[in-house]
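Peer 1: Build me a model:
(one chain, ligands or ions: 1)
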Amino acid sequence: MDIAEIAARLERLNPRVAATAERLAVAIPAVRAQLDREYDRMLAGIEASVKPYGGQVASYLRLPPQGVPRDEVLRQVDDLATWERPRWQDGLASGAVYHGGDDHIAFLNRAYATTSQVNPLHADLWPSATKYEAEIVAMTAAMLGGDAVAGDDPRRQIVGTVTSGGTESILLAMKAYRDRARARAGRRITRPEVVAPTTAHVAFDKAAQYFRIKLVRVPVAADYRADVGAMRRAITRNTVAVVGSAPTFPHGVIDPIEDLAAAAADRGIGFHTDACLGGFVLPWARRLGYDVPGFDFQLPGVTSMSADTHKFGYAAKGTSVVLYRGTDLRSHQYFTATEWPGGLYFSPTLAGSRPGALSAACWAAMVATGEDGYLEATRRVLQSAAAIRRGIAAIPQLRVLGDPLWVVAFTSDTVDVYRVLEQMTLRGWSLNGLHKPAAVHLCVTLRHTRPGVAERFLADLRGSVDEVLALPAAKEGLAPVYGLAATIPFRGMVRDLLKKYIDLLYRP
Ligand SMILES: Cc1ncc(COP(=O)(O)O)c(C=O)c1O
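Peer 2: Numbers count the residues shown, from 1 in each chain. Presented below is the predicted three-dimensional model:
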């Protein structure tokens, strides 16, 4: 029996039995060997694209006996950056670089260079870092409905911290809900659960794994938005928080946050809006007249939010903001230690020492961009995205999923969309492959608003679809990997493949 046959048989079993059968099957040496050969074959197909430099550049597998002159080191860094720049600069990437203008980058670099030694852990040495971070949080809170929360009562005010990115913001918010539930005076929750739609970012799974929370994933409705009734039904007496996205990473749609937050409030539990992607877009989209449903702290049931400064906040990579309604919830995020011989210790986030320069550059980006800058940037992104969405919808073989504003996911009922993705990759594009259902998305950024970029995307997409219609399927490359990941019931096999892929990345 070969792998395909075992997989086909497993598919007919119920998922729990299939998982056990899978464990038993892969313990058979012959099956294991065949799997390993299969992994190697697949990874060999993509190795060249993740390791393009080969012997063309100097590499160091141990420290050079004598330090390399700085000019030479900088030349090496410049060369690599120069090779890599055109793809993202010309707008060939989905998301990834959200502003990318030369002047803007030079400005951020200047703020970074001036503050590269700053560590917010030493608040006495660098009170400037504290100032930057407190103001980043205040500006983000005010933008996300914090202004509407009246009064000076710290139990109600919108507060938060700066983190290293969307994932850390989400991890910390989930930890805060877990620890608050554990610390409750009344019925303490020791087996915490979080209810999230299937489309909420995978960082919630990471939080669940790291913090031993049960993540209850609820299938979304036909429009790819959270199903409020099903979410409501998934809440139990162990639920510590409910989650929604504004918008979701896969399909760029905004969950019905108002109803979800109300459902959480009815049960006396927290609600987290993941606005990592939309936090710095939706407030401005609304001001521009787009129909943006409630998603932020203006809704009384929303008790925490994540919003990424390093995406549409146009900061350098490495910052995000997590916000809470009231200081009490935030305090459950903090780490404090009172008995360590190294002294009294506290830190607000996961890291100990932190790059204060990233906070300085983030503050600089926000203050220099201002409301007028974010409005104009949002206007340009949404206009380009609308043109791209119309163009995709006009390709007969493709279909746009849901009703997105600027993250446009598409699939096909007639061609293999992963082969279309592969053809786009051959044309230089770096798009995101999605599954469940099989789809591809483009997250439109300021890079795509430059003249000709949207037109090039649509022309390449039409060309890619035509190529797929004309050519037989290849056995190697991206499409079979995505195809396998999407369909195979061997989830352990897919996990192994991903781990081997990470191993490959760390191979010098
Ligand atoms: C909706 C959403 N949440 C969370 C994240 C995670 O952000 P990060 O990659 O900065 O950790 C992303 C990233 O794209 C996202 O789109």
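Peer 1: Going by C-alpha atoms from here, please, whenever you check contacts or count neighbours.
Peer 2: OK.
Peer 1: Heading C-terminal from the longest helix that the chain contains, find the next helix or strand.
Peer 2: Assignment by DSSP state H gives helix 356-393 as the longest helix of the chain. Per DSSP states H and E, the first helix or strand lying C-terminal to helix 356-393 is strand 398-400.
Peer 1: which residues are contacting that next one?
Peer 2: Identification of contacts with strand 398-400 by C-alpha atoms under 8 Å, 6 or more residues apart in numbering yields Arg389, Ile392, Ala393, Val408, Ala409, Phe410, Thr411, Ser412, Asp413.
Peer 1: For burial, what's the neighbour tally of the second one?
Peer 2: When you say that, I think you mean Ile392. 22 (other C-alpha atoms under 10 Å).
Peer 1: how near is it to the ligand?
Peer 2: 21 Å (C-alpha to the nearest ligand atom, to the nearest Å).
Peer 1: Contact partners for that residue?
Peer 2: Leu398, Arg399, Val400, Phe410, Leu458.
Peer 1: Tell me the pLDDT of it.
Peer 2: Among the per-residue scores, Ile392 holds a pLDDT of 98.
Peer 1: so who does Cys443 touch?
Peer 2: Ser94, Gly95, Trp406, Val407, Val408.
Peer 1: Report the buried residues of stretch 342-350.
Peer 2: Pro348, Thr349, Leu350 (16 or more other C-alpha atoms under 10 Å).
Peer 1: Go through those and name the one nearest Ala470.
Peer 2: Taking C-alpha to C-alpha as the measure, Leu350 is the one of the buried residues of stretch 342-350 closest to Ala470, at 51.0 Å.
Peer 1: From what I see, the closest one and Glu168 are in contact.
Peer 2: Yes. Counting by C-alpha atoms under 8 Å, Leu350 touches Glu168, with 7.5 Å between them.
Peer 1: Can I get the contacts of Cys443 in JSON lines including neighbour count?
Peer 2: Output for these, formatted as JSON lines (neighbours: other C-alpha atoms under 10 Å):
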{"residue": "Ser94", "neighbour count": "21"}
{"residue": "Gly95", "neighbour count": "24"}
{"residue": "Trp406", "neighbour count": "26"}
{"residue": "Val407", "neighbour count": "24"}
{"residue": "Val408", "neighbour count": "26"}
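Peer 1: out of those residues, which are inside helices?
Peer 2: Among those, no member lies in helices (by DSSP H).
Peer 1: Arg191: what's it in contact with?
Peer 2: Ile213, Lys214, Asn238 are the contacts of Arg191 under C-alpha under 8 Å, 6+ apart.
Peer 1: And the first one, how far from Ala265?
Peer 2: If I follow you right, that is Ile213. Between Ile213 and Ala265 the computed distance is 20 Å (C-alpha to C-alpha, to the nearest Å).
Peer 1: now do the second one
Peer 2: From Lys214 across to Ala265, the span is 20 Å (C-alpha to C-alpha).
Peer 1: Give the burial count for Thr449, as a bare number.
Peer 2: 19.
Peer 1: what sits against it?
Peer 2: Thr449 touches Arg380, Val381, Ser384, counting by C-alpha under 8 Å, 6+ apart.
Peer 1: Next one, pLDDT for Thr327 please.
Peer 2: On the pLDDT scale, Thr327 gets 96.
Peer 1: my bad, Pro120
Peer 2: 97.
Peer 1: Cross-check the contact I'm expecting between it and Gly356.
Peer 2: Yes. The criterion here is C-alpha under 8 Å, and Pro120 meets it with Gly356 at 5.6 Å.
Peer 1: what residues are shared contacts of the two?
Peer 2: Ala129.
Peer 1: For Pro197, what are phi and psi?
Peer 2: Per-residue torsions, Pro197: phi -70, psi 160 (degrees, to the nearest 10).
Peer 1: now the contacts of Arg191 as JSON lines including distance to the ligand and pLDDT?
Peer 2: Shown next, in JSON lines, are the contacts of Arg191 (distance: C-alpha to the nearest ligand atom, whole Å; pLDDT from 0 to 100):
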{"residue": "Ile213", "distance to the ligand": "18", "pLDDT": "98"}
{"residue": "Lys214", "distance to the ligand": "19", "pLDDT": "98"}
{"residue": "Asn238", "distance to the ligand": "24", "pLDDT": "97"}
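Peer 1: Please report which of those residues has the highest neighbour count.
Peer 2: Ile213 (22 neighbours).
Peer 1: for the stretch 201-350 of the chain, what spans make up the strands?
Peer 2: Along the stretch 201-350 of the chain, the segments classed as strands by DSSP state E, counting those that start in this stretch run 214-218, 239-245, 270-274, 304-307, 320-325, 335-337, 345-347.
Peer 1: ranking these by burial, who's on top?
Peer 2: strand 304-307 (a mean of 30; mean count of other C-alpha atoms under 10 Å).
Peer 1: partner strands of that one, parallel or antiparallel?
Peer 2: Using DSSP bridges, the strands paired with strand 304-307 in its sheet are strand 270-274 (parallel), strand 320-325 (antiparallel).
Peer 1: Output the one helix or strand Arg75 maps to as PDB, restricted to C-alpha atoms.
Peer 2: In this assignment (DSSP H and E), Arg75 forms part of helix 70-89. Only the C-alpha atoms of helix 70-89 are listed here, as PDB (Å, rounded to 0.1, in the frame of the first residue of the first chain):
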ATOM      1  CA  ARG A  70      33.500  47.200   8.200                       C
ATOM      2  CA  ASP A  71      33.400  48.500   4.700                       C
ATOM      3  CA  GLU A  72      33.400  45.000   3.400                       C
ATOM      4  CA  VAL A  73      30.700  43.800   5.800                       C
ATOM      5  CA  LEU A  74      28.500  46.700   4.800                       C
ATOM      6  CA  ARG A  75      29.100  46.000   1.200                       C
ATOM      7  CA  GLN A  76      27.900  42.400   1.700                       C
ATOM      8  CA  VAL A  77      24.800  43.700   3.500                       C
ATOM      9  CA  ASP A  78      24.100  46.300   0.800                       C
ATOM     10  CA  ASP A  79      24.500  43.700  -2.000                       C
ATOM     11  CA  LEU A  80      22.000  41.300  -0.500                       C
ATOM     12  CA  ALA A  81      19.500  44.200   0.200                       C
ATOM     13  CA  THR A  82      20.000  45.500  -3.300                       C
ATOM     14  CA  TRP A  83      19.200  42.100  -4.800                       C
ATOM     15  CA  GLU A  84      16.100  41.700  -2.700                       C
ATOM     16  CA  ARG A  85      14.700  45.300  -2.900                       C
ATOM     17  CA  PRO A  86      13.100  45.400  -6.300                       C
ATOM     18  CA  ARG A  87      10.500  42.700  -5.600                       C
ATOM     19  CA  TRP A  88       8.900  44.400  -2.600                       C
ATOM     20  CA  GLN A  89       9.700  47.900  -3.800                       C
END
